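*Asks:* only geometry, no sequence info:
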């Protein structure tokens, strides 16, 4: 009598995976919906190749596996896959046919507030209004998916590739996202990790608002209007990202504080490599800002940041700052590299023998009165610059680097990424599409 009781108790504590059944689902109308309705917790549904009717709702711990050959198509109303349960895996599918309503965030995959510990991996999510909506779900992982958004609306009227709202513990990694509005839009969500994603032909690659204590690392933004727009967030790590051929800005800090921007490369932004607006107590170190109209533009009281080890290379204007006092751009005896600083290093310590001031009074005049550029070659302007060089007391407030570096930091770019960058430069998508002016992200989000 004791042995049957012990066997029943042992089975009661077995994990779901041990008791789970695996079943094939044919590609006939209604078969997938019926299979989900009859599935037990832990079941694995292997979808046969072909078309499977949606939309579907997942409310229990199951795995839906398309094995790379199955497509789920919606009815162009709502989301194709809605997830309300926990411990669910969605893998190996092509997902198409969401609705077009922003009010309900119609998506290829939508994770609701009751969802937790969801894995979305290795799917092709194509032509939906939003790709993946993580709306209040906890501990979701979205990785190695291809998400291609719509192009049938103006840019600001499209949906995001991945939308994260109030979803702590989210991991988004190694996805490829193209078209749509923003690649990854994170709003009011903490402790997330966003790494290794490739984002192209969008408004913003990453749009970050009220998202604290999180990480953005190893991502690539190519040919977008703006690379990484980081707003109203504290204690974030922004490391080893690439912004290549983005139209307006590579990186932007807006009311973002106590964060680290380290090891990032911005190259060839049509506007600013980095724009800092009312952002404080950040470490901006070992980044490379190259070939932009403006290397860094900082304003609205953003002087209290530490800048060290950065390289400013061949930017038309290295730094744009209008102020009444000097702002030191070095830390612990280590400054930055400036490609337009004619330097000597007689003692060979890697630090230039003279400090560097990237802007003078003439620059300040040109920023406020662009028409004055016609006078740049005049004797009067040359006299002003000669006087400032020989009588430093006449200089206005501005950036001063007391320990400029002799060599720039090198940040390698993989060959396949360089190829995409060159294609984006030669034929940028934003030249051919209906689009609004999104060059001022401070005006609207």
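*Replies:* Thanks, I have it. As the structure is a prediction and not an experimental result, all values here were calculated from the model.
*Asks:* secondary structure element for the residue nearest the centre of the chain?
*Replies:* The centre of the chain sits closest to residue 206, judged by Cα atoms, centre = their mean, with a distance of 2.6 Å. Assigned by DSSP states H and E, residue 206 falls within strand 204-209.
*Asks:* report all helices and strands that that strand contacts.
*Replies:* strand 184-187, strand 226-231 (3 or more Cβ pairs under 8 Å, 6 or more residues apart in numbering; DSSP states H and E). In this view, the C-beta of every residue, glycine as well, is placed from N, C-alpha and C.
*Asks:* can you put these in CSV and add mean pLDDT and mean neighbour count?
*Replies:* Shown next, in CSV, are the helices and strands packed on strand 204-209 (pLDDT from 0 to 100; neighbours: other Cβ atoms under 10 Å):
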stretch, mean pLDDT, mean neighbour count
strand 184-187, 98, 25
strand 226-231, 97, 28
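*Asks:* for stretch 281-294, buried residues please.
*Replies:* Buried residues in stretch 281-294, counted by 16 or more other Cβ atoms under 10 Å: 282-294.
*Asks:* now the strand holding residue 206 against strand 226-231, angle please.
*Replies:* Per axes from the mean of the first three to the mean of the last three Cα atoms, to 10 degrees, the angle that strand 204-209 makes with strand 226-231 is 0 degrees.
*Asks:* so where is the stretch 251-400 of the chain shaky, pLDDT-wise?
*Replies:* 300-301, 322-324, 360-397 (pLDDT under 70).
*Asks:* helices along that one, start to end?
*Replies:* Applying DSSP state H, counting those that start in this stretch to the stretch 251-400 of the chain gives helices spanning 361-368, 379-390.
*Asks:* next, format the buried residues of stretch 281-294 as a markdown table and append distance to residue 238.
*Replies:* A markdown table is the format used below for the buried residues of stretch 281-294 (distance: Cβ to Cβ, whole Å):
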| residue | distance to residue 238 |
| --- | --- |
| 282 | 9 |
| 283 | 10 |
| 284 | 9 |
| 285 | 11 |
| 286 | 12 |
| 287 | 9 |
| 288 | 14 |
| 289 | 14 |
| 290 | 17 |
| 291 | 20 |
| 292 | 17 |
| 293 | 22 |
| 294 | 19 |
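*Asks:* ok, which pair from those residues is furthest apart?
*Replies:* Spanning the widest gap among the buried residues of stretch 281-294 are 283 and 293, at 24.8 Å by Cβ to Cβ.
*Asks:* quick one, strands of the stretch 301-445 of the chain?
*Replies:* Secondary structure of the stretch 301-445 of the chain by DSSP state E, counting those that start in this stretch: the strands cover 306-308, 311-313, 317-320, 327-328, 337-338, 399-400.
*Asks:* so which of those strands comes closest to residue 153?
*Replies:* strand 317-320 (34.3 Å).
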